[in-house]
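Q: Pasting the sequence and the predicted model now:
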Amino acid sequence: MKVAQSIRAKLEAAFQPQHLVVEDESHRHAGHAGARPEGETHFRVTMVSPAFAGVSRVDRSRRVHEALADELKGPVHALALSLKAPGEGV
């Protein structure tokens, strides 16, 4: 399974999002620290989930980092997050 697919599957299972976009931005970081020629090192996640209602921005990020702990220990070098509850926009 590709890294992006693993990220998507874990986030869907943990947060049942209404909206989820997982973008591989590795090509934008070629030559930077942590980049690999095959990519799948730098990701941007945009997610809207009821699980984030009443949860601070920091705690939302913590929860995502916990769900993706294995990926963050291994192939993922950078993870940009935009995490919203329904009604907060995308």
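A: The structure has been received and is ready for your questions. Numbering: from 1, shown residues only.
Q: Scan the chain for its longest helix.
A: Secondary structure of the chain read by DSSP state H shows that its longest helix is helix 3-15.
Q: And the average pLDDT for that helix is what?
A: Looking at helix 3-15 alone, the average pLDDT works out to 97.
Q: swap in stretch 23-41?
A: Throughout stretch 23-41, pLDDT has a mean value of 67.
Q: change the start of the numbering to 883 and stick with it
A: In the new numbering, first residue 883, that becomes stretch 905-923.
Q: Do I have it right that residue 889 meets residue 953?
A: Yes: taking CB atoms under 8 Å as the contact criterion, residue 889 and residue 953 are neighbours in contact, 6.1 Å apart. Placement of C-beta: from N, CA and C, glycine included.
Q: How about the longest helix of the chain, which residues are buried there?
A: Across helix 885-897, burial judged by 16 or more other CB atoms under 10 Å covers 885-886, 888-890, 892-893, 897.
Q: who's in contact with that helix?
A: For helix 885-897, the surrounding residues in contact (CB atoms under 8 Å, 6 or more residues apart in numbering) are 883, 899, 902, 904, 906, 922, 925, 927, 929, 931, 933-934, 945-946, 949-950, 953, 957-958.
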